[in-house]
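**Q** After the sequence you'll find the predicted model.
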Amino acid sequence: MSAESTPTVLQTDRAWPDDSIERQVIEAAGLALVSGPPDASPTETVERLVAERQPAAIMTCWAPVSAAAIAASPALRLVARMGVGLDNIAVDAATERGVLVTNVPDYCVEEVSDHAVGLVLAWTRGLVRTDREVRAGRWDPGAARLRRLATLTCGVIGYGRIGRVSARKLADLGARVIASDPFAPADTRGVPVVPLDELLRSSDAVIVHAPLTPATRHLIGSRELSLMPAGALLVNVSRGALVDTAALIEALRDGRLGGAGLDVLETEPAVPRELLEHPGVVITPHIGFSSDVAVEQLRRSTAEEVVRVLSGQPPLHLCNQPAATAAKGARP
């Protein structure tokens, strides 16, 4: 096969040190891998890379894949998200152009649910707050204001794969668990599914597992936070824009919320000073998905999906239904 006829796969960015796993899978299939900068580039840079490289497939972690990027390569047949959410991909534009969009929906279920439960436990046991106090020279066990998880109600917003596992783990620790999801499965595994307002009013800790869509942006705002019991905890391990940051800061400042556990932020990687300075806030740098096992699974699964599609096979995890898919044809 000549260099001119070898389909190119563009990896826009990555959240790990190298592209060795992806390269091994892609090149073993006779495809060419081109890696962009490790950090997520701005929209214009990705568009330029696509125009220059004319890829048949794009693998993207967090970099934006715009409608213009999708249109820039007539050879493009697949945009593969190296993750779960699709909010950085112009899915509608891909669908209109007959380009498949895929993701890896099952690679980090245990990790994200562990992270969510860990943030709840850090709050009930005061782990981060008291560690900070000890490091500052204060040893005052009498000042601890801790809670027993088994006496609390935990509300899970978004009852998909990860939400269901978080619910199970919290229930195993003795908590009462309720959920809210307009698309909840028929089998809720014994967890009551209630309207969002009821969940917010009833929950000592609220965990956000919902996807980010135009309809769910700022799903949790001033009104929603005002419904939560005084001193409650809000955990977000999904997407930062699901929570109105200004409203969250106000609720923490006013004392209506007792704390927040945040693995994602609207403004990431920038962190508002008010969140950094609040003693009841724990922030991690968007690592809920990460573990040695999960990251390797993600990288290998995405690369294998690319090979599958470019060799003419159907994808395992298709996220759209482009009418013109058949016109793209299989790789000879």
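**A** Received it, and whenever you're ready, just let me know what you need. Numbering: from 1, shown residues only.
**Q** I'd guessed residue 175 sits against residue 147; true?
**A** No: if you go by CB atoms under 8 Å, residue 175 and residue 147 don't touch, sitting 10.7 Å apart. C-betas here are computed from N, CA, C, even on glycine.
**Q** who are the neighbours in contact with residue 180?
**A** Residue 180 sits next to 155, 156, 157, 158, 159, 193, 194, 195, 196, 198, 199 when contact means CB atoms under 8 Å, 6 or more residues apart in numbering.
**Q** Compare those and tell me which is most surrounded.
**A** Within those, neighbour counts (other CB atoms under 10 Å) peak at residue 156, which reaches 31 neighbours.
**Q** I'd assumed that residue was in a strand, is it?
**A** Yes: assessed by DSSP: H, G, I helix; E, B strand; the rest coil, residue 156 belongs to a strand.
**Q** now it: how far from residue 210?
**A** Look at residue 156 and residue 210: by CB to CB, to the nearest Å, they are 10 Å apart.
**Q** swap in residue 223?
**A** According to CB to CB, residue 223 and residue 210 sit 16 Å apart.
**Q** Tell me which of residue 175 and residue 147 has more neighbours.
**A** Shown here are residue 175 and residue 147; by other CB under 10 Å, residue 175 has more neighbours (22 against 17).
**Q** Can you give the distance of stretch 211-221 from its chain's centre?
**A** 13 Å (CA atoms, centre = their mean, to the nearest Å).
**Q** same question, stretch 271-288
**A** Between the centre of stretch 271-288 and the centre of its host chain there is 17 Å, according to CA atoms, centre = their mean.
**Q** Would you confirm that residue 231 contacts residue 258?
**A** Yes: counting by CB under 8 Å, residue 231 does reach residue 258; the two are 3.7 Å apart.
**Q** Tell me which of the two has more neighbours.
**A** Set residue 231 next to residue 258 and count neighbours by other CB under 10 Å: residue 258 wins out with 20 against 14.
**Q** my read is the more buried one is in a helix, agree?
**A** No: assignment of residue 258 by three-state DSSP gives strand, placing it outside any helix.
**Q** right, and it touches residue 235 too?
**A** No: contact criterion CB under 8 Å: residue 258 and residue 235 do not qualify, at 11.9 Å.
**Q** per-residue pLDDT, the nearest residue to residue 108 once chain neighbours are set aside?
**A** Of all residues not flanking residue 108 in the chain, residue 289 sits nearest, at 4.0 Å (CB to CB, 6 or more residues apart in numbering). The model reports residue 289 with a pLDDT of 95.
**Q** distance of residue 289 from residue 225?
**A** When CB to CB is the yardstick, residue 289 and residue 225 sit 26 Å from each other.
**Q** same check, this time on residue 299
**A** Distance, residue 299 to residue 225, using CB to CB: 37 Å.
**Q** Looking at those two, which is more packed in?
**A** residue 299 (27 against 22).
**Q** That one against residue 16, yeah?
**A** Yes: in this structure residue 299 lies within contact range of residue 16 using CB under 8 Å: 7.1 Å.
**Q** which SS class is the spatially most central residue of the chain?
**A** Residue closest to the average C-alpha location in the chain (CA atoms, centre = their mean): residue 238, at 4.6 Å. Following three-state DSSP, residue 238 is assigned to coil.
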